[in-house]
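J.: below are the sequence and a predicted model; questions follow.
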Amino acid sequence: MQNIQAKKMKMTQIWKNGSVFAVSPLKLAESSNVDSFKEGDLLKIVGKTKSKGFQGVVKRHGFGGGPKTHGQKNRYRAPGSIGSTAMQRVVPGRKMAGRMGGDRKTLKNIEVMLIIKEKATVLVKGSVPGNTGDKLMLNKL
């Protein structure tokens, strides 16, 4: 099936079969595409994740940081040693601070929970990548 463009809307919840489900409403670019979906379909959704800007190693890679006491002044979020003395260089691929987020992300097997034909909106189970209003690509599996 071809790619269908959609716009992410604010997350919400629905009550279905005695349970509450977190859903993400997706407004389709063309209302004619609503007929190609039905409840229970599985989708592949491609989007761009939220950008976080320049982040340190604690947030970006989950480093534990250093001790807060024993002679430390401002080193408790520092990466620590970045290499040995003998090598005299930093090994490629070393986890360091840098830009985080803003990557292309593909989610597979996302279930269609509800379809609102009048508003050309499809509600899918769970969260999808990106900010509210970001464009997404939908594919039926």
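T.: Received the coordinates, thanks.
J.: the residue lying farthest from the centre of the chain and Gly93: what is the separation?
T.: Of all residues in the chain, Ala86 has its C-alpha farthest from the mean position, at 40.1 Å, by C-alpha atoms, centre = their mean. Distance, Ala86 to Gly93, by C-beta to C-beta, to the nearest Å: 18 Å. For glycine as for every other residue, the C-beta is placed from the backbone atoms N, C-alpha and C.
J.: what of Met87?
T.: From Met87 over to Gly93 (counting by C-beta to C-beta), the distance is 14 Å.
J.: any idea which helix or strand comes after the longest strand belonging to the chain?
T.: Criterion DSSP state E: the longest strand present in the chain is strand 104-116. Next along the chain after strand 104-116, taking DSSP states H and E as the criterion, comes strand 121-125.
J.: buried stuff in that following strand?
T.: Neighbour-count burial for strand 121-125 flags 121-125 (criterion: 16 or more other C-beta atoms under 10 Å).
J.: make TSV out of these and add distance to Gln5 and pLDDT.
T.: Shown next, in TSV, are the buried residues of strand 121-125 (distance: C-beta to C-beta, whole Å; pLDDT from 0 to 100):
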residue	distance to Gln5	pLDDT
Thr121	13	95
Val122	12	95
Leu123	17	96
Val124	15	97
Lys125	20	97
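J.: what ranges does the chain have for its helices?
T.: Along the chain, counting by DSSP state H, helices occupy 57-61.
J.: show me the domain layout of it.
T.: 4-50+103-140, 55-101 (automatic domain parsing).
J.: most tightly packed of those domains?
T.: Mean neighbour count, computed with mean count of other C-beta atoms under 10 Å, is highest for domain 4-50+103-140 among the domains of the chain, reaching a mean of 15.
J.: where does the prediction get shaky in this structure?
T.: The chain contains residues with pLDDT under 70 at 1.
J.: please report how far Leu107 lies from Ser84.
T.: Counting by C-beta to C-beta - Leu107 and Ser84 are separated by 40 Å.
J.: OK, contacts around Gly53?
T.: Listed by C-beta atoms under 8 Å, 6 or more residues apart in numbering, the contact set of Gly53 reads 99-101.
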